[in-house]
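K.L.:
sequence and predicted structure below; questions after.
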Amino acid sequence: CRPARHKTIETTGIMLQMVSAGRGVSALPGWLVDEYRERIPVETVRLGEGGVHKQIWLGLRESDSTVDYLKAFVQLAS
């Protein structure tokens, strides 16, 4: 099964409005859809039994590794 066509959308809000109008589908993280759910009537559906999990990698300059807010961000993310 393949989509009939692909369209690049500028913003998440527009993308979810198209989904809500029945004009497309989208694969987005649940937390992102949750941010729009009060304004745009969409539902989330888990992809597969366990969902889709990703690893996110962080890169930063060695000289920035001692910057307090970056250290706090790395601590929060790990």
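P.N.:
Perfect, thanks for sending it.
K.L.:
so which residue of this structure lies furthest out from the middle?
P.N.:
Distance to the chain centre peaks in the chain at Ser63, reaching 29.5 Å (criterion: Cα atoms, centre = their mean).
K.L.:
is that residue in a helix, a strand, or coil?
P.N.:
helix (DSSP: H, G, I helix; E, B strand; the rest coil).
K.L.:
what is the mean pLDDT for the helix or strand encompassing Met18?
P.N.:
Per DSSP states H and E: Met18 is located in helix 12-20. Averaged over helix 12-20, pLDDT sits at 95.
K.L.:
got a list of contacts for the lowest-mean-pLDDT helix or strand in the chain?
P.N.:
The weakest-scoring helix or strand in the chain, judged by mean pLDDT, DSSP states H and E, is helix 68-77 (a mean of 89). With contacts defined as Cβ atoms under 8 Å, 6 or more residues apart in numbering, helix 68-77 is touched by Ile56, Leu58, Leu60, Asp64, Ser65. No exception for glycine: its C-beta is placed from N, CA and C like everyone else's.
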